[in-house]
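J.: Mind folding the following:
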Amino acid sequence: MQYRIDKKTGNKLSILGFGCMRFPRTFGRTDMQKTEELVMRSIEMGVNYFDTAWIYPGNEEALGAVLDKNRVREKVYIATKLPLILLRNPADIDKYFNQHFDRLKTNYIDYYLLHLLSDTEQWAKLKSWGIEDWIAQKKKSGQIGQIGFSFHGSQDEFFKIIDDYDWDLSLIQYNYSDENFQAGVKGLRAAAAKMPVAIMEPLLGGKLATGLPKEALKIFRNANADLSPAGWALNWLWNQEEVSVLLSGMSSMEQLEENVRLADGAKAGMLGETEKAVYAEVLELVNRACKVRCTGCNYCMPCPKGVNIPGCFSSYNASYSMGYVKGMHEFITSIGLTSEKNSAPSQCFNCGKCETHCPQHIPIRNDLARVRRRMEPFWVRFIGACARFFLGKKRKKQS
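T.: As a prediction, the model looks like this:
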């Protein structure tokens, strides 16, 4: 495992961090056996940075249970996050903060992040609530090691935020298709001059690993048949010395093994002009095929009407990048066409709740209308209606 130094503390941070939001799940709940196997194997292989958050369901509890059971808390750095979207008054800060310790089974947090701090108006409100003094007190008590924030906003706002406070770490969305999106490469470089920078969504919610157009896959394969699309995406990030930690949401042992193998050989400046030309060629195809920039983070869920928003967008994009038949198959699967519960985009009634939570600032209602026009033709709606009708009759008969 390669490490990069947090110059503020001297901490050696593994260049591959474990993004815990995508712990393996079974029947809607964290699969603790698989999670423990992954976490412990990653620590054995040198991963020492684990990123979670209060709002990831069952996530902190799962990580805390594994670390406590195996007595490895002192071997890792835990990063978790204060849920700013849930705060209604200053008292809520301690209300949510104090819950981390029971969940994570620890009495300190190495890197504490303000979750989704994306504009100066939000930061000004927190300052009016006394957040700066609060941070100082928590650091003095040892409950917080370093303070940071995760960001999903405009580049201008990012610059203002990093200049307004002495932050210890920033977490930004960044990958080869997002070089000029949100904080972007300029934000990365500006932040790295002040603090360590961690990267989320290195694979754009998996799209840069499994959702690429066939032509793009062919380009990568011809350039290096031994390197997977995910490997190309991770190497692009590690090539930049400003990247301290790359977070990967690994949900299988195969993903972990591949990522660690790549991290073992990664170093800044390892890509030449030939490789950079390959990325440029692939990016052109990716931008052409990607219609909705959804990363599948699920912050928009649950929908009051049960619409599977991330599933709808994923299948819609797939219908362009991988062909209409493939996209329609994914769509039918994601909305449960033949199930009694309808989670199709036609269920949307334009309440807008989802848009207030979307870190990508996607016009979800408008885009769901586009998905509906392409993915819900008459025959799809007819089959779904018939299936729900007969399932409803069967359920009534059984009752």
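J.: For the rest of this, base every contact and every neighbour count on C-alpha atoms.
T.: Noted.
J.: low-confidence ranges in this protein?
T.: Low-confidence segments of the chain, defined by pLDDT under 70: 322, 336-341, 384-385, 387-399.
J.: which residues of it fall in strands?
T.: In the chain, the strands defined using DSSP state E lie at 3-5, 12-14, 16-19, 25-26, 29-30, 49-51, 77-83, 109-115, 144-151, 169-173, 197-200, 245-248.
J.: With mean neighbour count and distance to K291 added, can I get those strands in a markdown table?
T.: Output for those, formatted as a markdown table (neighbours: other CA atoms under 10 Å; distance: least, CA to CA, whole Å):
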| stretch | mean neighbour count | distance to K291 |
| --- | --- | --- |
| strand 3-5 | 18 | 36 |
| strand 12-14 | 21 | 34 |
| strand 16-19 | 27 | 26 |
| strand 25-26 | 11 | 28 |
| strand 29-30 | 15 | 31 |
| strand 49-51 | 24 | 29 |
| strand 77-83 | 23 | 29 |
| strand 109-115 | 22 | 27 |
| strand 144-151 | 22 | 23 |
| strand 169-173 | 24 | 18 |
| strand 197-200 | 24 | 21 |
| strand 245-248 | 25 | 24 |
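J.: Serialize those strands to JSON lines and add fields for distance to I335.
T.: Shown next, in JSON lines, are the strands of the chain (distance: least, CA to CA, whole Å):
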{"stretch": "strand 3-5", "distance to I335": "42"}
{"stretch": "strand 12-14", "distance to I335": "38"}
{"stretch": "strand 16-19", "distance to I335": "27"}
{"stretch": "strand 25-26", "distance to I335": "19"}
{"stretch": "strand 29-30", "distance to I335": "20"}
{"stretch": "strand 49-51", "distance to I335": "30"}
{"stretch": "strand 77-83", "distance to I335": "29"}
{"stretch": "strand 109-115", "distance to I335": "30"}
{"stretch": "strand 144-151", "distance to I335": "30"}
{"stretch": "strand 169-173", "distance to I335": "28"}
{"stretch": "strand 197-200", "distance to I335": "27"}
{"stretch": "strand 245-248", "distance to I335": "27"}
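J.: isn't Q360 right up against F151?
T.: No. At 10.1 Å, Q360 does not count as touching F151 under the criterion of CA atoms under 8 Å.
J.: Domain-wise, how is this structure divided?
T.: Here the domain assignment for the chain is 3-278, 309-398, based on automatic domain parsing.
J.: Which one of those lies nearest to R293?
T.: Smallest distance to R293 across the domains of the chain (CA to CA): 7.4 Å, for domain 309-398.
J.: closest to N298 out of the domains of the chain?
T.: Among the domains of the chain, if distance is taken as CA to CA, the winner is domain 309-398, at 6.6 Å.
J.: Off-centre distance for the closest one?
T.: In terms of CA atoms, centre = their mean, to the nearest Å, the centre of domain 309-398 is found 22 Å from the chain centre.
J.: repeat for stretch 209-216
T.: Worked out by CA atoms, centre = their mean, stretch 209-216 lies 19 Å from the chain centre.
J.: In that stretch, which residues are buried?
T.: 209, 211-213, 216 (16 or more other CA atoms under 10 Å).
J.: can you check stretch 83-101 too?
T.: Neighbour counts over stretch 83-101 (16+ other CA under 10 Å) mark 83-84, 93, 96-97, 100-101 as buried.
J.: any idea how far L169 is from S128?
T.: S128 is 22 Å from L169, where distance means CA to CA, to the nearest Å.
J.: Check C386 too.
T.: 53 Å.
J.: How about P213?
T.: On the measure of CA to CA, P213 and L169 end up 35 Å apart.
J.: now R73
T.: 21 Å.
J.: Next: E275.
T.: For E275 relative to L169 (CA to CA), the value is 30 Å.
J.: what do you get for L227?
T.: 31 Å.
J.: Quick check: end-to-end length of stretch 241-259?
T.: Stretch 241-259 end-to-end distance (CA to CA) = 18 Å.
J.: What of stretch 186-202?
T.: One end of stretch 186-202 to the other measures 17 Å (CA to CA).
J.: Stretch 160-177 now?
T.: Stretch 160-177: ends 24 Å apart by CA to CA.
J.: Same question for stretch 244-258.
T.: 19 Å.
J.: Help me confirm that N259 comes into contact with P229.
T.: No. Between N259 and P229 there is no contact under CA under 8 Å: 11.8 Å.
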